[in-house]
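Asker: From the sequence below, what's the structure:
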Amino acid sequence: MKTFSVLVAVAVALICICIQQSSATFAEIRELQELQEAVNNDSPAAEHQEVSAD
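Answerer: A predicted model of the protein is given here:
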């Protein structure tokens, strides 16, 4: 019975670790998407400025 309790505790710890890592990964993906959107929003404006300068 003690072995079973230890196995359950280890399983719960591993699940918690996996959840924390996956949530960090999702946060990083969101940050990258926001940065890409910001760059994409800036690019057309920069192109229009270059065209109007010519």
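
Asker: Could you pull up the residues touching residue 19?
Answerer: With contacts defined as CB atoms under 8 Å, 6 or more residues apart in numbering, residue 19 is in contact with no residue. The C-beta positions use only the backbone N, C-alpha and C, and glycine is treated the same way.

Asker: Is it within a helix or a strand, and which one?
Answerer: When secondary structure is defined by DSSP states H and E, residue 19 falls within helix 2-53.

Asker: I'd like the mean pLDDT over that helix, please.
Answerer: Averaged over helix 2-53, pLDDT sits at 78.

Asker: Off-centre distance for it?
Answerer: Helix 2-53 has its average C-alpha position 0 Å from the chain's average C-alpha position, going by CA atoms, centre = their mean, to the nearest Å.

Asker: Point to the residue nearest the middle of the chain.
Answerer: Here the mean C-alpha position of the chain is nearest to the C-alpha of residue 28 (CA atoms, centre = their mean), at a distance of 2.2 Å.

Asker: State the distance from that residue to residue 41.
Answerer: When distance is defined by CB to CB, to the nearest Å, residue 28 is 20 Å away from residue 41.
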